[in-house]
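3D model of this:
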Amino acid sequence: MQEQIFQIQYAMDTFYFLVCGALVMWMAAGFSMLEAGLVRAKNTTEILTKNIALYAISCIMYLVIGYSIMYGGGVFLSGIESFDLATVLADKAEAGFDGGSVYSGASDFFFQVVFVATAMSIVSGAVAERMKLWAFLAFAVVMTGIIYPMEGAWTWGGKDVFGLYNLGDLGFSDFAGSGIVHLAGAAAALSGVLLLGARKGKYGKNGEIYPIPGSNMPLATIGTFILWMGWFGFNGGSVLKLADAANSHSVAMVFLNTNAAAAAGAIAALLVCKLTWGKADLTMCLNGALAGLVAITAEPSTPTALQATLFGAVAGVLVVAAIISLDKLKIDDPVGAISVHGVVGLFGLLIVPLTNDGSSFSGQIIGALTIFGWVFGTSFVVWSILKAVMGIRVTEEEEMSGMDVSDCGIDAYPEFVSVK
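Okay, here's the model as predicted:
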């Protein structure tokens, strides 16, 4: 009977992992639509090309070496593809069939690899409209194959940071990746943006800030809703187990809190815009929803619904302030990715101890500094090498004419291009 129950649990947990992974994979479409909507029409095809290419690169690099760095084992997943039921049952029987998640190692890889792609997608939006396509893709190889897996090994992988200290022992906790995924992606993006510089015409000589509106608000809104939906897999799948009553309840609470935080973030950002400028700024509302999602990602299982709503609301206010502040510092981020995923990702880490007794503020701070320091530093080095070797910024003429023509040779909206 125990063996039969175990097999049912194995099947349910594996299936749940795969479905959640598919939801997270669908977030790639969300990032694509969001970014396509927030850039100018002349750069739409290029941003879409970057998104599908970075997803494919992430999958290959994590398969080849990334997963091995993060969790151990051989390259190309050697050792996890095989399945011997007798061996698995013997191991579980020795443990009394108690405790731990039971699922296929292959499903674990699939769930993890889509997180890698999410981190890389964050970089895409921040450097949009002026970075060379092939320089970006070259960076994606290093980011997804080495940089992300290294910090993932120190956090979710449980390995000591260069043999010096263990973040888990210090009280660091990041349930689904506010820091491990989102802060990391923002750190890589920030290093690239600082070396890349702002888009032409974004800032005046006397400190003026000139808005550069996106081309397609319906696409940006659809992208946000896709991300919102995918986040249920992002956070819900991180419970790692479904086939028992306690974990099923935990999954339900994670879904509830994730949704509440996103809704509160959107409303809070909208209200801030109305009170500040007297207008309902759609882009800020969209980023407010995403900010609520990022904030709750670090710990969606332990807050009450009211606490999750309050956390999301604070995140919605914070992201508006962050976007404005970065603009004043002349850090040009076309989609607000650094604010949403970086500033709010840090906020998400810092509020974990408010509801999770197993974490500490000092541990969260050290963990955040470790993630940011490693990813920002290594990314800056890689970007610098790429800048010296092949250049990372398109020419002024290419930027003005649009990267669709120079990089892809295809206009996203050919009907609206004037024929000369």
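
Can you name the element that comes right after the host helix or strand of Val314?
Val314 belongs to helix 305-328 when assigned by DSSP states H and E. Using DSSP H and E, the helix or strand that directly follows helix 305-328 along the chain is helix 337.

helices or strands next to that next one in the packing?
Helix 337 sits against helix 105-126, helix 184-196, with contacts defined as 3 or more Cβ pairs under 8 Å, 6 or more residues apart in numbering; DSSP states H and E. Every C-beta, even on glycine, is put in place using the N, C-alpha and C of the backbone.

Buried residues of the shortest one, list them for me.
Buried residues in helix 184-196, counting neighbours by 16 or more other Cβ atoms under 10 Å, are found at 184-193, 195-196.

Confidence-wise, which of the helices and strands packed on helix 337 is weakest overall?
Mean pLDDT values for the helices and strands packed on helix 337 show the minimum at helix 105-126, a mean of 95.

quick one, the following helix or strand past that helix and helix 105-126 angle?
The C-terminal neighbour of helix 105-126 among helices and strands, as given by DSSP H and E, is helix 133-142. With axes from the mean of the first three to the mean of the last three Cα atoms, to 10 degrees defining the directions, helix 133-142 sits at 140 degrees from helix 105-126.

Just the CA atoms of helix 133-142, as PDB, please.
Listed next in PDB are the C-alpha coordinates belonging to helix 133-142 (Å, rounded to 0.1, in the frame of the first residue of the first chain):
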ATOM      1  CA  LEU A 133      21.800  42.100 -30.800                       C
ATOM      2  CA  TRP A 134      24.800  39.800 -31.000                       C
ATOM      3  CA  ALA A 135      26.500  41.400 -28.100                       C
ATOM      4  CA  PHE A 136      23.400  40.800 -26.000                       C
ATOM      5  CA  LEU A 137      23.200  37.200 -27.100                       C
ATOM      6  CA  ALA A 138      26.900  36.700 -26.300                       C
ATOM      7  CA  PHE A 139      26.300  38.000 -22.800                       C
ATOM      8  CA  ALA A 140      23.300  35.700 -22.400                       C
ATOM      9  CA  VAL A 141      25.600  32.700 -23.000                       C
ATOM     10  CA  VAL A 142      27.700  33.700 -20.000                       C
END
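
Let me see the confidence value for the residue lying closest to Tyr203 once chain neighbours are set aside.
Distances taken as Cβ to Cβ, 6 or more residues apart in numbering place Lys330 nearest to Tyr203, at 5.2 Å, with adjacent residues excluded. We have a pLDDT of 96 for Lys330.

Lys330: neighbour count?
Other residues within reach of Lys330, judged by other Cβ atoms under 10 Å, total 12.

OK, contacts around Met217?
Shown in contact with Met217 (Cβ atoms under 8 Å, 6 or more residues apart in numbering): 37, 282-283.

at 10 Å what do you get?
By Cβ atoms under 10 Å, 6 or more residues apart in numbering, the contact set of Met217 is 37-38, 282-283, 286.

any idea how far the longest helix anywhere in the chain is from the chain center?
Identified as the longest helix of the chain according to DSSP state H is helix 2-38. Taking Cα atoms, centre = their mean, to the nearest Å, one finds helix 2-38 lying 15 Å from the centre of the chain it belongs to.

Stretch 282-291 now?
Distance, centroid of stretch 282-291 to centroid of chain: 15 Å (Cα atoms, centre = their mean).

re earlier: in a markdown table: the helices and strands packed on helix 337, plus distance to Ala313.
Formatted as a markdown table, these follow (distance: least, Cβ to Cβ, whole Å):
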| stretch | distance to Ala313 |
| --- | --- |
| helix 105-126 | 23 |
| helix 184-196 | 21 |
